[in-house]
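Visitor: Predicted model follows, preceded by the sequence.
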Amino acid sequence: MLRRIHSLPGLFLALLLAVIAGTGTVLSIDTALDRATLPTIERGANVAALAEAVAARHGSVDKIVHRPTGAVTVTYSDGDINGVELVDPATGAGLGPYQTSEFTRFMTDLHRSLLAGDAGRAASGIGAATMLVLTVSGLWLLARRLGGWWALLRPIRGMAAQRWHSELGRCAVVGLMLSSLTGLWMSAGTFGLIPEGNMAEPAFTVSGGPPAPVGTLAALRAVDVADLRELTLPAPDDRTDTYALRTSAGEVRIDAATGVTLAFTPTPLAERIQAVVVMLHTGRGAWMLGLLLGLSAACVPAFAVTGAVIWWRRRSGRPRIASSVAARSADTVILVGSEGNATWGFATTLHTALTAAGHRVHIAAMSELAPVHTSAERMLILTSTYGDGAAPASAKGFLDRLAALDATVPVAVLGFGDRTFPQFCGYAQEVSAALDRKGWPRLLPLKRVDRQSTQEFAQWGRDLGAVLGHDLVLDHVTTHPKTTELELVEREDYGAAVGAPVTILRFRTPGAGARSQTGRLPGFEPGDLVGIVPPGSPMPRFYSLASSSRDGVLEICVRLREGGLCSTFLHGLEPGGRIDAFIRENPSFRPAVGRTPLILIGAGAGIGPLAGFVRANAAGRPVHLYWGGRSPSSDFLYEHELAMHLAEKRLTTLNTAFSRMPDGGAYVQDRVAADAPRLRELIRHGAQVLVCGGRDMAQAVTHTLEAVVRPLGLDLATLKSNGRYVEDVY
Amino acid sequence: MKVLMPALAAATALVSPSLAMARPVTFEATLKNYGGNGAYVALYVTDAAGKYRGTLWMAGGKAKYHRHLSDWQRLSGGAAAEIDGITGASIGSGKTLKITADLADAMIDAGYQVRVDTAVEDGMDNPSDVVVPLSTGSAGKPASGKGYVKSFAVSF
């Protein structure tokens, strides 16, 4: 719900907001430039002296105004000509005619009324209100995403668009909130929704004597130019007229003949508030604040673009389920925890079958769990597991939301996972245990599906049907994103002599010559995943990418597995052979932005993405690579390329360990342990650790590193939650 | 481009009770190309003693800016009742305001004056930007203003 409140107005009004914010930025710079070019007002000069100096140069002076921009202007009349000029506040010397530039006027008009009069002013007001809703809901969403209000300053992970959106968001949120609130106030004022609080001026009697020279008037001599707002001089031929002097405190009437104060009208509270609001909004009189607001506003077009990208990804990523009924009228709620989109696919099959059986089914992500869901008759939770027992993307925050619920509803949990992992369906088990602790009744015991087995899924469907009292046939066909056909252009084989054949494969789009750089390769970065659909199986297998799409090739490093369908297929591929592949982003496995050192640790084919990170390190940030293989003569992957990177400073140090050596050999974790003092120092200075390879190696490395960081008062769990220890393990 | 206003009756004090004793008078004010936002313009009549007698037209709808038309404000008292029903949009740079009102014959050649106040945001306030007598002698002769009024003519 909150997300919809954030995304829908944002999408519909993106252009409006970008225009208002963009012009706001320009105006803030304009104001700061004004401030820089105008003479500064020093205390010490009084209004009477200024008026006298100005009056000496002109036939008659109508008004002296100290504008919010800091400009002091004089409206005068010389015979038949009226004019406005800028004056030096200290001396009253003329500094040329005063006119707002055409450019500023245009920008101001565009900013506050979109050049469309009152209708445009209304639209601008709506824009301000929308911006306020977006900043508040955005802040709320970010806090939820990062795990609470106190976590708002934590590092943000995710896809590039998401990261930018959130990073800029938390920088700009205060400025945008201030701008939109004050803008809203000003808009309400324009439309008369804020009372102006007029103060009646007390009655007074004018002496009517001949006017005294302005420089002699005591009431004007007492006021500093810095405090002046506006001085209106009496009409030259009207002896009943008076001086009207406005300061922030109020308006004083001064007798033109005697210089006596005749009456004082204090500034109404509403007007004082208005003045503060206008200052805060325009930065006139507070140009540094204005620039900060302008900088915040400059982020708005970026929000529009990144927001649209995020929305589109989310929308196109999730299967469209047209017949999902509203949560409050559903009898069955399906909640989905999915990292890629496979679990959504299973959920869709379930949804279709239940709907066909006459149920009113609502389907949502687990992270959207809400009290309304407990009003259904039953809840079915389908979830995969991310990494070693963590919540998948669409289930983030589920357990916190569950903890906050009071009601219970009969529930069944179906976990999707891989039996070869030590924590088979670890997250589903955690969810199941949490439900038990909350006392939710069970429709069915926890069921775990191994490697997307459609048979096991169908069996669960039959069990569920038995509970519901009708047949339930779940006939699931695995779907995956649209694939692109790629052609193998090169392969390098290693490791055959030591019984661990590994090959580096490089693909291009078919027909793309060596010259046409990227062809039509989909976009990817090292560390992202490529899903390859082997002939004879509908299920894709995922490999970590060693190249970026900017390199013009898609490069992977594949170890041949005994009986492995896809690795056997890939190892049998000759140049010219083709594969069907698609890209899956893997934003959590990526070097953090910045110049902090990287510690890359891997073994065997796990070097693929690590070599990719090194290759992409043109900026020369410190990168330390630890890698383990079997024998330097047989499976030293990327040997020559890494030597080149060392020479070019893309790689700072390289530590290798080989396990089949005459002296007994060593593993990569041995190198890590031997280098403990140096690694500790690097981590103390903010280094990020990226680990890629088999699970056994990863566990050994975890164990070793835990001991390395303990003296720092750190543990790997903390580093993991901060994104400073990330792994891609298979 | 001209902004043409439909023929309109002005404030009650100015209009003859019987049309037989009145005649239509046209007021045409063209503004200079001052290059700014739309100008607030007040057209009003004072008598031989300089006393305010009524408003003919107020261009510019937001009452809070009317105090910038300072002579009009001072002489008329600035009450909203003065301009009820005779208020229109502000007049853009270089544009023309043309209105027609039925004025009592007794006001012509009797020392009455038509005054125009103008004011522009971030620009000048021009009280009595231009003042023209309501006389047959000066009818149709354009006068120029001190502020934003390029020419102003009264014709019978």
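Guide: On my side now, so go ahead. Residues are numbered from 1 along each chain as shown, chains lettered A, B, ... in the order given.

Visitor: tell me which parts of the stretch 151-300 of chain A are close to chain B?
Guide: By CB under 8 Å from any CB of the partner chain, the residues of the stretch 151-300 of chain A that approach chain B are A:190, A:196, A:232, A:235, A:241. Placement of C-beta: from N, CA and C, glycine included.

Visitor: Most neighbours of all the residues you listed, which one?
Guide: In terms of neighbours by other CB atoms under 10 Å in any protein chain shown, these top out with residue A:232 at 21 neighbours.

Visitor: Wait, a helix at residue A:52?
Guide: Yes - counting by DSSP: H, G, I helix; E, B strand; the rest coil, residue A:52 is located in a helix.

Visitor: So which elements touch whichever helix or strand residue A:347 is part of?
Guide: Per DSSP states H and E: residue A:347 is located in helix A:342-356. Contact analysis of helix A:342-356 by 3 or more CB pairs under 8 Å, 6 or more residues apart in numbering or on different chains; DSSP states H and E lists strand A:332-337, strand A:361-365, strand A:378-384, strand A:411-417, helix A:454-468 as its packing neighbours.

Visitor: I'd like to know how far the spatially most central residue of chain B sits from residue A:285.
Guide: The centroid of chain B falls nearest to residue B:43 when counting by CA atoms, centre = their mean (1.4 Å). When distance is defined by CB to CB, to the nearest Å, residue B:43 is 36 Å away from residue A:285.

Visitor: and the nearest residue to residue A:501 once chain neighbours are set aside, how many neighbours?
Guide: What sits nearest to residue A:501 in space, not counting adjacent residues and going by CB to CB, 6 or more residues apart in numbering or on different chains, is residue A:560, at 4.2 Å. Neighbour count for residue A:560, taken as other CB under 10 Å: 19.

Visitor: quick one, what contacts residue A:560?
Guide: Residue A:560 is in contact with A:500-503, A:567-568, A:571, counting by CB atoms under 8 Å, 6 or more residues apart in numbering or on different chains.

Visitor: Just the element for residue A:187, please.
Guide: With DSSP H and E as the criterion, residue A:187 is inside helix A:160-190.

Visitor: which stretch of helix or strand covers whichever residue of the stretch 401-550 of chain A sits closest to chain B?
Guide: Nearest to chain B, among the residues of the stretch 401-550 of chain A, is residue A:523, at 47.8 Å (CB to the nearest CB). Counting by DSSP H and E, no helix or strand carries residue A:523.

Visitor: Quick check: the gap between it and residue A:546.
Guide: According to CB to CB, residue A:523 stands 16 Å off from residue A:546.

Visitor: Same check on residue A:619?
Guide: Distance from residue A:619 to residue A:546, counting by CB to CB: 19 Å.

Visitor: So between those two, which is more surrounded?
Guide: Legend: neighbour count by other CB under 10 Å for residue A:619 and residue A:546, higher for residue A:546 (28 against 9).

Visitor: Skipping adjacent residues, who's closest to the more buried one in space?
Guide: Residue nearest to residue A:546 in three dimensions, not counting chain neighbours: residue A:608, with 3.8 Å by CB to CB, 6+ apart.

Visitor: what do you get for residue A:399?
Guide: residue A:434 (5.6 Å).

Visitor: Could you do residue A:598 as well?
Guide: In this structure, residue A:598 finds its nearest non-sequential neighbour in residue A:623, 4.7 Å apart by CB to CB, 6+ apart.

Visitor: Count the residues that sit near the one you found.
Guide: For residue A:623, using other CB under 10 Å, the count is 23.

Visitor: Now do the same contact list for it.
Guide: Residue A:623 makes contacts with A:597-598, A:600, A:613-614, A:617, A:650-652, as judged by CB under 8 Å, 6+ apart.

Visitor: can you rerun that using 6 Å?
Guide: By CB atoms under 6 Å, 6 or more residues apart in numbering or on different chains, the contact set of residue A:623 is A:598, A:614, A:617, A:651-652.

Visitor: distance of it from residue A:557?
Guide: Residue A:623 sits 18 Å away from residue A:557, going by CB to CB.

Visitor: Equivalent analysis for residue A:323, please.
Guide: Distance from residue A:323 to residue A:557, counting by CB to CB: 44 Å.

Visitor: Compare neighbour counts for these two and give me the winner.
Guide: A direct count of neighbours by other CB under 10 Å for residue A:323 and residue A:557 places residue A:557 higher, at 27 against 11.

Visitor: Secondary structure element for the residue nearest to the centre of chain B, which one?
Guide: Using DSSP H and E, residue B:43 falls within strand B:40-46.

Visitor: can you pull out the helices in chain B?
Guide: B:70-76 (DSSP state H).

Visitor: So which residues on it come close to chain A?
Guide: With CB under 6 Å from any CB of the partner chain as the criterion, chain B meets chain A at residues B:122, B:124, B:126, B:146-147.

Visitor: Distance to residue B:155 and neighbour count added to these, as a markdown table?
Guide: Below are the residues of chain B next to chain A laid out as a markdown table (distance: CB to CB, whole Å; neighbours: other CB atoms under 10 Å in any protein chain shown):
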| residue | distance to residue B:155 | neighbour count |
| --- | --- | --- |
| B:122 | 33 | 17 |
| B:124 | 27 | 27 |
| B:126 | 23 | 27 |
| B:146 | 22 | 20 |
| B:147 | 22 | 28 |
